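Novice: 3D model of this:
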Amino acid sequence: MIKRALCVVFLFAAASIAAAQPAPTQTPSPQKPATPPAPHTSLKVGQAAPDFTLPSSISGPDGRKVRYKLSDFKGKKNVVLAFYVFAFTGG
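Specialist: Reported below is the predicted structural model:
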């Protein structure tokens, strides 16, 4: 008789605890941001790039930062440019 009473009390307690829990809500899955369109360029593969100047982290003999111009390398070396958009690589 005591076992039956304890079972009833336990079932009642479990049912009341389950009823007190908030119903699980279905959270919407995060949507991926739309891919931005590729920038428009008039350059074709194999065409020469327009001249530009880039700053460097290297200091020259006078203590000022060195600046590189694309035209400085014309006819001397191959130039490879790589752009890492939001690549927080640290080195």
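Novice: tell me the strands in this protein, going along the chain?
Specialist: According to DSSP state E, the chain carries its strands in the segments 53-59, 65-69.
Novice: list the contacts for Gln83?
Specialist: Just so we're on the same page, residue 83 is Phe rather than Gln. The contact partners of Phe83, by CB atoms under 8 Å, 6 or more residues apart in numbering, come to none. To be clear about C-beta, it is placed using only N, CA and C from the backbone, and glycine gets the same treatment.
Novice: Need the pLDDT of it.
Specialist: Phe83 is assigned a predicted lDDT (pLDDT) of 70.
Novice: For the remainder of this discussion, apply numbering that starts at 28.
Specialist: Let's use 28 as the start, then, which means that last one is Phe110.
Novice: and the gap between Leu70 and Pro77?
Specialist: In this structure, Leu70 lies at 8 Å from Pro77, with CB to CB, to the nearest Å as the measure.
Novice: Show me where this structure has its helices.
Specialist: The residue ranges that make up the helices of the chain, judged by DSSP state H, are 29-47.
Novice: Tell me, how many residues neighbour Tyr95?
Specialist: 14 (other CB atoms under 10 Å).
Novice: pLDDT score for it?
Specialist: Per the predicted model, pLDDT is 86 at Tyr95.
Novice: So what's the residue count around Leu97?
Specialist: Counted by other CB under 10 Å, the residues lying close to Leu97 total 15.
Novice: just Ala109 next, same as before
Specialist: The local packing of Ala109 (other CB under 10 Å) involves 5 other residues.
Novice: hang on, the earlier thing: how about the strands of the chain in CSV, adding distance to Phe113?
Specialist: Shown next, in CSV, are the strands of the chain (distance: least, CB to CB, whole Å):
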stretch, distance to Phe113
strand 80-86, 19
strand 92-96, 23
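Novice: ranking the ones you listed by burial, who's on top?
Specialist: strand 92-96 (a mean of 12; mean count of other CB atoms under 10 Å).
Novice: Give me the contacts around that one.
Specialist: For strand 92-96, the external contacting residues (CB under 8 Å, 6+ apart) are 78-87.
Novice: Next, the angle strand 80-86 makes with it.
Specialist: Compare the direction of strand 92-96 with that of strand 80-86 by axes from the mean of the first three to the mean of the last three CA atoms, to 10 degrees and you get 150 degrees.
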